[in-house]
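Chemist: sequence below, structure please.
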Amino acid sequence: VSINELFNELLKKAPFDPDVLMVYNKFRISHASKLPKTRPRIIIGGMSHNSLMSMHTLPLLQIADVVSLTTIKSDIDKIDRIVFDSGIETFSDILKKLPQGFSPDFFWDNQAEGHEIPFGLSEAPFPIIASVCHMYEITTIRSICNIFDAVIPLSRSFIPVLQSFTQKPIFDIPFGLNWGAFVHVPFDGWEKERNVDVSVTFGDAVNTVYQDFRFRVRKQIADFQHIYKNKYNIVISTNLNKEQYYDLLGRSKISVNVVGIHGPYNYRTNEIMQSGAMLYQLDNRCYPYKTSITDYFENYTHLVTFDFDHFEENLLYFLEHHEERLSIAKQGKEFLEKNYNYHNLYRQLFDFVKNFEPQRSRMNKSSVHPDIHIGASYLYPITQKKDELFVVLPINHSISLPPDVRNNNLIVSLSVAFKKTKDLRVVLELLKHHQEFRLYFKKDFFQGLWHLFHEFSEDPLIAWHYIMLAIDCGQPPAFAMFDMIEKLMMIKEFSFD
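Modeler: As a prediction, this is how the structure comes out:
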């Protein structure tokens with residue numbers, strides 16, 4: 001009996017054992033030159049920066065051989081990890097580090113808008129595929145479309161958005177393959193007593209992504225709780241740890257959910273359905289950009305959506321009709337896990353790639369579509385022909401990010417808004433809730449940018465954005481230009497032609 005066969009026997013007994021899957025993956029990678037190629041070989045990007053093993057990759061390791069990229073130097077001796085220096089090394093350097101005989105079928109990253117993307121990735125000798133989740137980060141996603149061969153949006157609702165600025169192939173895979181039906185959600189069977197009539201597990205913060213919808217739903221459920229406190233057990237609980245969260249879902253008959261502007265679903269959508277509770281979710285068509293959960297699930301069969309006008313009425317109906325509620329919960333869980341499990345979604349990706357031939361325009365890296373994207377949420381393109389959807393939405397979202405990413409995002413987002421209007425009042429209005437940053441721009445737009453830049457002037461990405469913006473607007477900041485160009489030119493294969 002071969003070692004490969006012994007591993008297969010182990011996996012039949014414990015298909016989701018992370019230790020067995022990790023060891024088996026390392027075995028197949030280290031013997032790639034000798035083992036027959038019976039499944040895809042993939043390089044995955046920033047989604048596994050901290051660790052190859054995650055809820056996303058665990059199912060992938062069952063059906064593919066995987067090598068992941070990281071900048072964590074302590075992982076340098078791990079055969080399933082390729083450690084690279086994002087400021088110096090290019091993707092061609094990464095390929096030289098692959099284990100002997102490991103010839104990738106494609107490169108893939110989910111939620112690529114938030115991950116480090118190596119220099120020169122667009123020159124890869126195989127397809128490079130990006131999944132994108134946070135569709136409001138439209139400036140970054142536009143740049144991702146320029147770099148990658150094909151893009152998978154969060155849902156098919158966003159295909160027209162991508163088609164408005166790219167001719168690259170767009171794959172329609174549920175959840176954008178950012179996630180699938182989870183294997184980690186506990187479920188104790190349908191016979192378990194559920195003593196919580198309605199649960200709410202999200203907060204009531206008002207922000208750009210969720211607007212005030214979570215706040216309004218929380219208020220409605222609080223009012224409902226007050227009216228029916230003697231009849232129904234309503235639990236509103238946030239900041240739970242993982243065990244507390246799943247315990248509450250497992251005891252809930254109905255659980256309420258509100259997703260963001262980049263809907264129509266989030267992790268909580270799946271977690272509620274897989275816990276056996278009936279999903280009661282705000283209809284995303286209330287947002288300015290309308291998405292619909294019914295693209296992938298059937299309303300009143302797999303879940304129930306609500307609007308603000310009928311929240312109480314519908315909730316009362318399903319609390320009073322036990323069999324109908326239970327039927328929806330059962331059908332939703334079964335449909336999700338049968339149709340949208342990770343294996344099915346990954347196989348859709350494999351099928352796409354198998355029949356896919358990248359069509360690339362070989363353009364200089366310093367042209368309209370720069371191949372640079374270093375671990376920040378936004379990339380400033382040198383030219384922008386038109387305003388893009390959600391271009392100002394990330395302003396409030398960016399304020400809460402780490403300071404270097406925050407400043408980079410503000411430079412990009414405010415610049416796009418200012419370029420369109422040439423009106424400083426627009427910038428001040430966007431920052432009306434953030435007085436500290438509003439003061440930067442009180443007199444002059446470029447003086448405000450200088451403040452944002454100066455706080456992190458050693459950061460090459462912020463330097464790049466600041467310089468490109470100045471050139472684009474015809475106002476080169478001579479006092480900083482030469483030092484910054486010198487720093488950027490230290491990056492291998494970076495071109496200023």
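Chemist: where along the stretch 51-200 of the chain do the helices fall?
Modeler: For the stretch 51-200 of the chain, the helices defined by DSSP state H, counting those that start in this stretch cover 57-60, 91-96, 138-147, 159-163.
Chemist: weakest of those in terms of mean pLDDT?
Modeler: Mean pLDDT across the helices of the stretch 51-200 of the chain is lowest at helix 138-147; the value there is a mean of 80.
Chemist: looking at the helices of the stretch 51-200 of the chain, which is closest to Arg347?
Modeler: In terms of CB to CB, the element of the helices of the stretch 51-200 of the chain nearest to Arg347 is helix 57-60, at 10.7 Å. For the C-beta atoms, the positions are set from N, CA and C on the backbone; glycine is no exception.
Chemist: who are the packing partners of the closest one?
Modeler: The helices and strands touching helix 57-60, judged by 3 or more CB pairs under 8 Å, 6 or more residues apart in numbering; DSSP states H and E, are strand 41-44, strand 65-70, helix 342-354.
Chemist: hang on, the earlier thing: make a markdown table from the helices of the stretch 51-200 of the chain and add distance to Glu298 to it.
Modeler: Listed next are the helices of the stretch 51-200 of the chain as a markdown table, based on distance: least, CB to CB, whole Å:
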| stretch | distance to Glu298 |
| --- | --- |
| helix 57-60 | 25 |
| helix 91-96 | 43 |
| helix 138-147 | 29 |
| helix 159-163 | 21 |
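Chemist: out of those, which gets nearest to Lys253?
Modeler: It's helix 57-60; of those, that one is closest to Lys253 (CB to CB) at 29.1 Å.
Chemist: reformat the helices of the stretch 51-200 of the chain as CSV; add distance to Glu113 and mean neighbour count.
Modeler: Conversion of the helices of the stretch 51-200 of the chain to CSV gives the following (distance: least, CB to CB, whole Å; neighbours: other CB atoms under 10 Å):
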stretch, distance to Glu113, mean neighbour count
helix 57-60, 19, 22
helix 91-96, 18, 17
helix 138-147, 5, 23
helix 159-163, 12, 15
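Chemist: can you say which of those is nearest to Phe311?
Modeler: Nearest to Phe311, of the helices of the stretch 51-200 of the chain and by CB to CB, is helix 159-163 at 29.2 Å.
Chemist: am I right that Gln281 is in a strand?
Modeler: Yes - according to DSSP: H, G, I helix; E, B strand; the rest coil, Gln281 belongs to a strand.
Chemist: any idea how far the closest residue to it other than its chain neighbours lies from Gln274?
Modeler: Nearest residue to Gln281 in three dimensions, chain neighbours excluded: Asn257, at 4.4 Å (CB to CB, 6 or more residues apart in numbering). Computed as CB to CB, to the nearest Å, the Asn257 to Gln274 distance reads 13 Å.
Chemist: higher neighbour count, those two?
Modeler: Of the pair Asn257 and Gln274, Asn257 is the one with more neighbours under other CB atoms under 10 Å, namely 25 against 22.
Chemist: give me phi/psi at the more buried one?
Modeler: Main-chain torsions, Asn257, degrees, to the nearest 10: phi -140, psi 150.
Chemist: check contacts around it.
Modeler: Going by CB atoms under 8 Å, 6 or more residues apart in numbering, Asn257 touches 202, 266, 268-269, 272, 279-282.
Chemist: only whichever of these are buried, select them in PyMOL.
Modeler: For the buried members of the contacts of Asn257, the matching PyMOL selection, counting by 16 or more other CB atoms under 10 Å, is:
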select buried, resi 202+266+268+269+272+279+280+281+282
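Chemist: returning to what we had before: so which of the helices of the stretch 51-200 of the chain comes closest to Leu452?
Modeler: Nearest to Leu452, of all these, is helix 138-147, at 15.8 Å by CB to CB.
Chemist: low-confidence stretches in the stretch 1-150 of the chain?
Modeler: Counting by pLDDT under 70, the stretch 1-150 of the chain contains low-confidence residues at 1, 87, 139.
Chemist: for the nearest residue to Val353 once chain neighbours are set aside, what are its contacts?
Modeler: Counting by CB to CB, 6+ apart, Phe106 is the residue found nearest to Val353 once chain neighbours are left out, at 4.9 Å. When contacts are counted by CB under 8 Å, 6+ apart, Phe106 touches 40, 42-43, 126-129, 353.
Chemist: closest to Lys338 out of these?
Modeler: Pro40 (22.7 Å).
Chemist: burial check on the closest one, number of neighbours?
Modeler: The local packing of Pro40 (other CB under 10 Å) involves 20 other residues.
Chemist: residues touching it, list them.
Modeler: Taking CB under 8 Å, 6+ apart, we find Pro40 in contact with 63-65, 105-106, 350, 353.
Chemist: and the residues you listed, which are buried?
Modeler: Counted by 16+ other CB under 10 Å, the contacts of Pro40 give 64-65, 105-106, 350, 353 as buried.
Chemist: right, and the pair among those residues with maximum separation?
Modeler: Asp65 and Val353 (14.4 Å).
Chemist: circling back to that earlier point, of the contacts of Phe106 - the most surrounded one?
Modeler: Ile129 (26 neighbours).
Chemist: my read: that residue touches Phe148, true?
Modeler: Yes - Ile129 lies in contact with Phe148 (CB atoms under 8 Å); the separation is 6.4 Å.
Chemist: quick one: the strands in the stretch 151-300 of the chain, in order.
Modeler: With strands called from DSSP state E, counting those that start in this stretch, the stretch 151-300 of the chain shows them at 196-200, 234-236, 252-257, 278-282.
Chemist: kindly reformat the ones you listed as CSV containing mean pLDDT.
Modeler: As requested, these are exported to CSV (pLDDT from 0 to 100):
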stretch, mean pLDDT
strand 196-200, 98
strand 234-236, 98
strand 252-257, 98
strand 278-282, 97
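Chemist: out of these, flag the one nearest Val412.
Modeler: That would be strand 278-282 among the strands of the stretch 151-300 of the chain, by CB to CB, at 30.1 Å.
Chemist: which helices and strands sit right next to the closest one?
Modeler: Applying 3+ CB pairs under 8 Å, 6+ apart, one finds that strand 278-282 makes contact with strand 252-257, helix 267-275, strand 304-306, helix 311-320, helix 322-339.
Chemist: what's that strand in contact with?
Modeler: By CB under 8 Å, 6+ apart, the list of residues contacting strand 278-282 reads 198, 213, 217, 253-259, 269, 272-273, 293, 302-307, 314-315, 318, 325-326, 328-329, 332.
Chemist: now, of those residues, which are buried?
Modeler: Buried subset of the contacts of strand 278-282 (neighbour count, 16+ other CB under 10 Å): 198, 213, 217, 253-259, 269, 272-273, 293, 302-306, 314-315, 318, 325-326, 328-329, 332.
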